[in-house]
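**Q** I'll drop the sequence and a predicted model, then ask my questions.
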Amino acid sequence: MSTTQSQAPTDDPSQTSLASLAQTASKRGIRSLFAHDPGRFEAFSASAAGLLLDYSKTAIDAQTLARLFDFARACSLSEKRDAMFSGERINITENRSVLHVALRAEPADGYRADGAPVSAEVMEVLTAMANFATKVRNGEIAGSGGDLITDVVNIGIGGSDLGPVMATLALAPYHDGPRTHFVSNVDGAHMADTLKGLDPKTTLFIVASKTFTTIETMTNAATARRWIVASLGEAAVGDHFAAVSTALDKVDAFGIAKERTFGFWEWVGGRYSIWSAIGLPLMLAIGPENFRAFLAGAREVDQHFKSAPLEENLPVLLGLVGYWHRALMHYPTRAIIPYDQRLSRFPAYLQQLDMESNGKGVGLDGEPVDISGPVVWGEPGTNGQHAFFQLIHQGTDVIPVEFMVGANAHEGADMSDHQDLLLANCLAQSEALMKGRSLEEARQQLLDAGRSADDADRVAPHRVFTGDRPSITILYSTLDPRTLGALIALYEHRVFVEAQLFGINAFDQWGVELGKELASNLVPIVTGEDAATGRDASTQGLVAAIHSMRNA
Ligand code: F6P
C-alpha cells in the first residue's frame, strides 16, 4: 500500500499521548491557559491570504499542539497533500484524481491529471464562460424574441447548487448582472414558487449536473422546458437554456447546443465544483472579473497550503483543531456561526463539503473506523444568539463554535453602528463561552441588583455558565470575492486534512446512493402501478395511508 493510501496510524505514540492530554485538558479547561500565558493569542493564531485564524480559545496548549503535529506527520499528511496536488488518483474507490485546485490555478502552476496537463482545457472553459456571461450581461445573447435576459434560474442540487447559492448571496454587493434564482428540490413547490413572477421571454435556465442523470435536476429541467415551450414554443428552447456537466453526450441528447454547454472533468468532485463551470450563475451575477478574483483568493490558500510549514499552515491548523475536538475531546458536532448575514448559506454549504466528504464508516483499507467527521450545522449571528445559543452556553453537550466575521462592512458610514455591534457581539460570545460565570459571580450580581440573599441563592445556579467552552474565530477585512474564495479553499483543505487524520477517503459519497436506488424503485409503488408487497411493514403502512389520503 502506498503512503497516500495508508491508514492513519492509531497506535502511533502521539495518539496515546494525545488521549492523556485530552483528559488533562477536560479537567483544566481554557481560562487557566489565558491566566498563565499573556502571549497566548500570538502563539495560537496564524494568518494567510487575508484570513486570521484565532484558535487560542480552545484547550490546546503547546504540548498538545506539538503532539498533534507529530500525529499529522505520522499520518504522512504532507506526502498525501502533495499526492493530491500532483494529480495522483487519491480517490481510490472511484479511481479518480482530485484536482479542483487546478480550476483556480495559473497556467504556470502546471497541474496534471494522469500526467497530462489540464491548464489549457481549464482556461478554455473559463474563457467560454466569460464570453457567454459577458454577452448575456450586455444583451448580445438575448431571449428568443430579442429581450434582455433579466433572470437566470440555476437547476441543480448538492454540489451543483449549494456553492453558487452560497456565493451569490455572499457577494451581493458585487451583483450587477441578471437576478439569479436556484431550484434544487424535486418538490414541485420549489420550481412553482420560483417561476411565479418570472417572464419566459427574459428567463435563462442553466441545467447544472455533473452526471446529468440526477433525478431531481432532470425532473426540474423537464418542467422548465415545458414552461418555455408552453409560452414561447419549441423553437425557443435553445435560446433559454444552457448546461453545465461532465456528461456532454447527455446534454446533447437533452437538446442544449454545444456553444451553450460548459464542461468540467471527472477529477472535480461535485462539492468542490464551485470553481468550475458550476460557478456560471455566480459569474453571470458578479461578472468575469470578480469571478477571477474569487478564484485568485482560493489559489492564494492553495499556494499557502502547499508550501507553508505545518506549524504556520492555516488549513493544517484548522484541521488539527477539528480533529482534536472530534477525535480526542469527543465533541459530536461543530457549529459554524458567521457574523456576516451574507454568509447565511455558508453553514449549509459546509454541511455538504464536510459531511459528504468525512461522514464515513470505513477507512482507506475498507476496515471500520472508530470515528470520522462531526455533524456540522449553524446559522448566522446575531440571529443564532436568540435561538440556540442557550444550549451552546449552558447545555450538557460541549459544542465547539467556529465564528467568522469581517472587520469592515460594505454598508456606508450611516450604518457603521451596525458593524460595530456585530463585531462586539461576535467577540462577546466567544469571550462568554470561554470565561463563563461562576456561582459566586452570579450570586454577587443578584445581590448587587438588590435581590435578597435567599433569592440570590435560589436563582444563582441557573445563572452559572461553566465557561471553558471552545471556539475559534476567523477574521477578515471585508467579504469581497477574493476573501470568499480564500475562505472556501481554507475549509476545503481543512476537510482534506481531517480526512488524512481519520484515515478515510474524503472524495467519494457512496452513502447517498442507497436512498437514490430505493427512491426509484418506490415511484411505481407510490403511483399505484406496483403493489407494496415485499416491502417492510412500515413502508407498506405509509404507502396505504398515502393512497387513502390521495383518494379522500
Ligand atoms: O448527493 C449526491 C451527489 O452525488 C452530490 O455529491 C452531488 O453534488 C449531487 O449529488 C448532484 O450531482 P450532479 O451534479 O451529478 O447532479
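**A** Perfect, I can see it now.
**Q** let me know whether S119 touches G110 as I believe.
**A** Yes: S119 is within contact range of G110, at 7.2 Å (criterion: CB atoms under 8 Å). Placement of C-beta: from N, CA and C, glycine included.
**Q** strands of the stretch 451-552 of the chain, start to end?
**A** Assignment of strands within the stretch 451-552 of the chain using DSSP state E, counting those that start in this stretch yields the ranges 471-476.
**Q** swap in the chain?
**A** Residue ranges of the strands in the chain, as given by DSSP state E, are 45-48, 51-54, 112-113, 116-117, 151-155, 179-183, 203-208, 241-245, 261-263, 333-339, 375-377, 401-406, 471-476.
**Q** dump those strands into a markdown table; add mean neighbour count, mean pLDDT and distance to P368 as well.
**A** Shown next, in a markdown table, are these (neighbours: other CB atoms under 10 Å; pLDDT from 0 to 100; distance: least, CB to CB, whole Å):
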| stretch | mean neighbour count | mean pLDDT | distance to P368 |
| --- | --- | --- | --- |
| strand 45-48 | 17 | 98 | 34 |
| strand 51-54 | 20 | 98 | 32 |
| strand 112-113 | 18 | 96 | 31 |
| strand 116-117 | 12 | 96 | 36 |
| strand 151-155 | 25 | 98 | 38 |
| strand 179-183 | 22 | 98 | 37 |
| strand 203-208 | 26 | 98 | 35 |
| strand 241-245 | 27 | 97 | 35 |
| strand 261-263 | 20 | 96 | 38 |
| strand 333-339 | 24 | 98 | 21 |
| strand 375-377 | 19 | 98 | 19 |
| strand 401-406 | 24 | 98 | 28 |
| strand 471-476 | 22 | 98 | 30 |
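**Q** a markdown table for the ones you listed, including distance to G145?
**A** Formatted as a markdown table, the strands of the chain follow (distance: least, CB to CB, whole Å):
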| stretch | distance to G145 |
| --- | --- |
| strand 45-48 | 50 |
| strand 51-54 | 47 |
| strand 112-113 | 43 |
| strand 116-117 | 43 |
| strand 151-155 | 15 |
| strand 179-183 | 19 |
| strand 203-208 | 12 |
| strand 241-245 | 15 |
| strand 261-263 | 23 |
| strand 333-339 | 42 |
| strand 375-377 | 45 |
| strand 401-406 | 43 |
| strand 471-476 | 44 |
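**Q** domain ranges for the protein?
**A** Domain assignment for the chain by the TED database gives 27-83+308-411+418-436+470-502, 118-289, 513-551.
**Q** for the closest residue to the ligand within the stretch 301-450 of the chain, give me its contacts.
**A** Proximity of the stretch 301-450 of the chain to the ligand (CB to the nearest ligand atom) peaks at E356, 5.8 Å away. Residues counted as contacts of E356 (CB atoms under 8 Å, 6 or more residues apart in numbering) are 158, 271, 509, 511-512.
**Q** list only buried entries from the residues you listed.
**A** Among these, those buried by neighbour count (16 or more other CB atoms under 10 Å) are 158, 271, 509.
**Q** the ligand contacts on the stretch 351-500 of the chain?
**A** With the criterion set to CB under 6 Å from any ligand atom, the stretch 351-500 of the chain comes near the ligand through E356.
**Q** can you rerun that using 8 Å?
**A** 352, 356 (CB under 8 Å from any ligand atom).
**Q** likewise for the chain?
**A** Contact residues (CB under 8 Å from any ligand atom) of the chain with the ligand: 156-162, 208-214, 216-217, 245, 269-271, 273, 278, 352, 356, 509, 512, 516.
**Q** which of the contacts of E356 sits closest to the ligand?
**A** Of all the contacts of E356, G158 has the smallest distance to the ligand: 2.8 Å, by CB to the nearest ligand atom.
**Q** please tell me I have it right and the closest one contacts Y349.
**A** No: applying CB under 8 Å as the test, G158 and Y349 come out as separate, 10.6 Å apart.
**Q** from G373, how far out is the residue of the stretch 301-450 of the chain closest to the ligand?
**A** According to CB to CB, to the nearest Å, E356 and G373 sit 9 Å apart.
**Q** what helices or strands is the lowest-mean-pLDDT helix or strand in the chain leaning on?
**A** Every helix and strand of the chain was ranked by mean pLDDT, DSSP states H and E. The lowest is helix 513-527, at a mean of 88. With contacts taken as 3 or more CB pairs under 8 Å, 6 or more residues apart in numbering; DSSP states H and E, helix 513-527 sits against helix 215-232, helix 537-551.
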